[in-house]
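1. next one to model:
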Amino acid sequence: MINNIKEENISRTVEVVLSIIGGVTGIIIGIIFIGSAINSFFDYYYISPDYSLLLLGVISCTGGVIGVVSGVIFKRHVKIASILALIASVLCLIGGIFLFGMVGFVLLLIAGILGFVDRY
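-> Numbering: from 1, shown residues only. As a prediction, this is how the structure comes out:
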């Protein structure tokens, strides 16, 4: 009897919340890095602008957006959203220079793993 429960009866609220919070965290960190890079473009004391912070900010924002999208589609497409959450977690970890991106990485990783686990 337990094995006959359909997937749509399983609540995925935890995965949705974790994905959206992790994605928003990645977006915030990316905006901070992009703002720092833009600040270095207009600062007279820097010899050259810091393009690496700009690249890391774009990577982190991309991971954050993918994380939010995975949170939005978790109720309908669980496996696709889980894969997107795992991809977003790696992007947030790389884009957040490992230390700052750790919060988004952990939240998105937990959401991605929970999406693959069948809970009854």
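2. distance from stretch 50-59 to the middle of the chain?
-> Relative to its parent chain, stretch 50-59 has a centroid offset of 16 Å by CA atoms, centre = their mean, to the nearest Å.
3. export that stretch as PDB, just CAs?
-> Output of stretch 50-59 as PDB, limited to C-alpha atoms (Å, rounded to 0.1, in the frame of the first residue of the first chain):
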ATOM      1  CA  ASP A  50      39.300  43.800 -11.300                       C
ATOM      2  CA  TYR A  51      37.700  41.600 -14.000                       C
ATOM      3  CA  SER A  52      37.900  38.500 -11.800                       C
ATOM      4  CA  LEU A  53      35.400  39.800  -9.300                       C
ATOM      5  CA  LEU A  54      33.100  40.700 -12.200                       C
ATOM      6  CA  LEU A  55      33.300  37.100 -13.500                       C
ATOM      7  CA  LEU A  56      32.800  35.600 -10.100                       C
ATOM      8  CA  GLY A  57      29.800  37.800  -9.500                       C
ATOM      9  CA  VAL A  58      28.200  36.800 -12.800                       C
ATOM     10  CA  ILE A  59      28.800  33.100 -12.100                       C
END
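4. next, the buried residues of it.
-> Buried positions in stretch 50-59, judged by neighbour count with 16 or more other CB atoms under 10 Å: 50, 53-54, 56-57, 59. Placement of C-beta: from N, CA and C, glycine included.
5. quick check: mean pLDDT across stretch 55-72?
-> On average, the pLDDT along stretch 55-72 is 95.
6. where does pLDDT dip in the protein?
-> Per-residue confidence for the chain (pLDDT under 70) gives these ranges: 1-9, 44, 46-48, 119-120.
7. go again with 80.
-> Judged against pLDDT under 80, the low-scoring parts of the chain cover residues 1-10, 40-50, 98-99, 118-120.
8. all helices of it, in order?
-> 13-42, 51-72, 78-95, 102-116 (DSSP state H).
9. count of residues packed around the residue nearest to residue 57 when sequence neighbours are not counted?
-> Computed as CB to CB, 6 or more residues apart in numbering, the closest residue to residue 57 that is not its neighbour in sequence is residue 33, at 3.2 Å. Taking other CB atoms under 10 Å as the criterion, the count of residues near residue 33 is 26.
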